[in-house]
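In: structure for the following, please:
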Amino acid sequence: MEMGDIQLRRYSRPIFNVDNPNYGNQSNYNPKNKRATRNQDNLVYGDVVTDFVPDIQPSYLNYCHRTTSVHRNVFKLGDEPCNFRNVPFSLEHRKKWLFCSGYNTQKRSLQECADDIATCMELDDVLMNNSHESELLRREALRDMPQSLTVKRIIKKNLSFSVNKRTKEKPIGFFKGLQYTTSMKLSKVHTSLKSFAYSFELWYSSLKEIEGHFGSGVATYFKYFRWMFIMNCLIMLVALVFVVIPQLLYENFEVTTSTSKNLWFNWNIKPKTKNNATFQISDLFTGEGYFEDTVLFYGHYTNESVNLISTQWYSVPYAYFFTSVFIYVASFIVFSLSMAKSYRRSFIETQDGLKNNFAHKVFCGWDYSVATEKAANIKVSSLYTELKELLSESFQIVKHVPFLQQFYTVVLQFVCNVIVIFLLGGVGYMLWLLLNENTAHLSQSSSSIGVIIAVVINIIMLLFPLVFGFIVRYEDYKHPRAALYVTLLRTFLLKVVLVGTFLGFWLKQSTKQKCWETAIGQHIFRLILFDFFFSIVLTSVVEAVCYSIYTKVWRGIGAPTFDIARYTLQLLYNQTLFWVGFYFSPLLAVVVVIKLWLSWYIRRTCTLKFCKPYSKSWKAAQTQTLFLILSFLSLLLVIITLGYIVVDVKSSACGPMRNYTYMYELILKGIFQLEQHNVFWRILMYFTKPGAVALMLLAMW
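Out: Numbers count the residues shown, from 1 in each chain. Okay, the predicted model is just below:
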């Protein structure tokens, strides 16, 4: 039986039904307690401690099982499961439910209460066995008891003494004792190793430091950042092993046939240099010149195979295509599962609303990761504001809003949305004109227009969220969170417009360019590189300058604020660019990993030295869910676009797909050996036509 799925035995006391006098022993039942009545088919099961109250006789105890799991919290009594959430969590209801037979702990000392509970627990043989399962059961019982630590320590001491006494009276066998000792030691070692492994997590100490100064809300951004970095590292590793390294091996050894390279017998052949372009510093920022014909971009990869072993061939086109498909599908699955899990935990499980909001806020609202006095004062102020908002919402009187005021608000929001749509349309049109200008200068080998495009796009990504934040102030939303979500949505649409316009232009120009795949890769390379300078370097410099002015010149300017929403959208924009460009530039994964590694340390340093926490209170779980949803939507749109490119856009005369008219023919003709005169080919092409697909969808409907 594995540790992750141990069936722990628990105890429960049914609340008896008044209408059924023959059900169980009702000697301790109080018929005056109306709240205790339940139907026989709707039993309520209590925590462990309810079965160890002294006035409850052992004959009333019924066994039930609880499966400990990360995702489930369910009791099972025989074959009938019951949800653990049926246990009353209200303090008043729990008090009446727990002591419905008249037992009152306030009249007894802690020592007497602990002794009585321990005595009642000792009556059960399964609980008091000298075994690993019983030890886990005793720990679980003590953990779930609504008693003070003093009472729990006394109970644990009494139980340990009783178990040792029983062991001496009935000594266990050597092998059973060895098994028990070994299992306990392994459990302790597992716990110690798990605790020790946390210290080796990537950037563990930095995360703890940030969490201590700014709380869990800001730490959510950095955890999301780390998750993106690790995922991109894995993508980089896969791309290097299956695509880049085989291409490098192909280039550096002698040709033995017209269709392949024999590497097994030619390890001493000196590499041949195919790239005659001279290297210039500007090539690092443009991706052109020397880098245009390297493994950095799509057009450089061969459409031939590599013979690493005498009889084994490695097809570079197949490796390029299927490695890309695997990475996109794996990323889609990971983001789908993460988003679904986070959404269920943050929204579905709380769809009925949270009860006892004030009690939760008072007793559970403190962020125990806060470790500095300044951060603690900020957290106190945040809790104070949240309590005021809760009180305001609780005592809020629904006011009758005049029709004219409602009409004015609707018209104002409509006008603001129209303005935003015109702004987005203007941005897309301006970008299209710049791309047209860049295409007109390609014959002159001028890269200045390409750099201007990258600079303009990054300036737009920096300034327009501020414009959207200014517009939303005049839309008169009732709740500030609604205004925040509207701003995030508009910023997300801005990113979609920029990337969509860029891809749409180059897909339209695909028939006019010699290698449009490489051109897309070069533009994405420039966008990612200049995004680092604008969103990381320039932003950090501005924060440092503002902090210097705040501390030395004028405190009225205020300290820089760590804006979680803006920084996360910048990170999401960078990841979207990478997903778009990876198919056209496999080595772009290395560039993104280096960028994220530098960005982490720059952002961490500036956050700790120059920034203060954001004034708004962020719920870490819901914030992470929102970011995962936006990431999932971005990846989904990218996959749909790439699917359209593979199926409906003609390949250029470069890269690994140069022998095929369309990229999907690599699968049909290359693997399945289907030609156009083949009957199956004709049937497949017929059923994939838009009209046939529409008819099938109508038939399914």
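In: A strand includes Y314, no?
Out: Yes - residue state for Y314 (DSSP: H, G, I helix; E, B strand; the rest coil) corresponds to a strand.
In: and the gap between it and L488?
Out: Here Y314 is placed at a distance of 45 Å from L488 (C-beta to C-beta, to the nearest Å). The way it works is simple: take the backbone N, C-alpha and C, and place the C-beta from them, glycine included.
In: just K388 next, same as before
Out: Between K388 and L488 the computed distance is 25 Å (C-beta to C-beta).
In: how's this protein carved up into domains?
Out: Using automatic domain parsing, the domains assigned to the chain come out as 3-169, 206-235+318-391+516-649, 675-701.
In: what's the mean pLDDT across the first one?
Out: Throughout domain 3-169, pLDDT has a mean value of 52.
In: for the last one, same thing?
Out: Domain 675-701 shows a mean pLDDT of 64.
In: where do the helices sit along the stretch 51-200 of the chain?
Out: Read by DSSP state H, counting those that start in this stretch, the stretch 51-200 of the chain holds these helices, from start to end of the chain: 91-98, 110-121, 132-144, 149-169, 174-198.
In: would you list those in a markdown table and tack on distance to K478?
Out: Formatted as a markdown table, the helices of the stretch 51-200 of the chain follow (distance: least, C-beta to C-beta, whole Å):
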| stretch | distance to K478 |
| --- | --- |
| helix 91-98 | 33 |
| helix 110-121 | 50 |
| helix 132-144 | 42 |
| helix 149-169 | 45 |
| helix 174-198 | 43 |
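In: and those: which comes nearest S305?
Out: helix 174-198 (42.7 Å; C-beta to C-beta).
In: on that earlier part again, of K388 and L488, who's got more company?
Out: In this view K388 and L488 are compared by other C-beta atoms under 10 Å, and L488 has more residues nearby, 19 against 10.
In: from what I can see that one touches R566, true?
Out: No - checked against C-beta atoms under 8 Å, the pair L488 and R566 is beyond contact range at 9.4 Å.
In: longest helix in this structure, please.
Out: When the chain is parsed with DSSP state H, its longest helix is helix 403-440.
In: which helices and strands sit right next to the helix or strand that that helix is followed by?
Out: Next along the chain after helix 403-440, taking DSSP states H and E as the criterion, comes helix 448-472. Packed against helix 448-472 by the contact rule (3 or more C-beta pairs under 8 Å, 6 or more residues apart in numbering; DSSP states H and E) you find helix 283-286, helix 403-440, helix 480-508, helix 516-531, helix 564-582.
In: deepest of those helices, which one?
Out: Greatest average neighbour count among the helices and strands packed on helix 448-472 goes to helix 516-531 (a mean of 24), per mean count of other C-beta atoms under 10 Å.
In: so which bits of the very next helix or strand once past that helix are buried?
Out: For helix 516-531, the succeeding helix or strand toward the C-terminus, using DSSP H and E, is helix 539-552. Buried residues in helix 539-552, counted by 16 or more other C-beta atoms under 10 Å: 539-540, 543, 546-547, 550.
In: still on that earlier bit, now the helices of the stretch 51-200 of the chain in CSV, with mean neighbour count and distance to K650?
Out: Below are the helices of the stretch 51-200 of the chain laid out as CSV (neighbours: other C-beta atoms under 10 Å; distance: least, C-beta to C-beta, whole Å):
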stretch, mean neighbour count, distance to K650
helix 91-98, 14, 70
helix 110-121, 18, 77
helix 132-144, 18, 64
helix 149-169, 15, 73
helix 174-198, 11, 51
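In: can you tell me which of those comes nearest to S338?
Out: Once C-beta to C-beta is applied to those, the stretch that comes out nearest is helix 174-198, at 20.6 Å.
In: which ones are touching the residue lying closest to I629 once chain neighbours are set aside?
Out: The spatially closest residue to I629, leaving aside those adjacent along the chain, is M339, at 5.8 Å (C-beta to C-beta, 6 or more residues apart in numbering). Contacts of M339 were listed using C-beta atoms under 8 Å, 6 or more residues apart in numbering, and they are 625, 628-629, 631-632.
In: can you tell me the helix or strand for M339?
Out: Using DSSP H and E, M339 falls in helix 316-343.
In: would V295 count as being in a strand?
Out: No - V295: not assigned to a strand; according to three-state DSSP it is coil.
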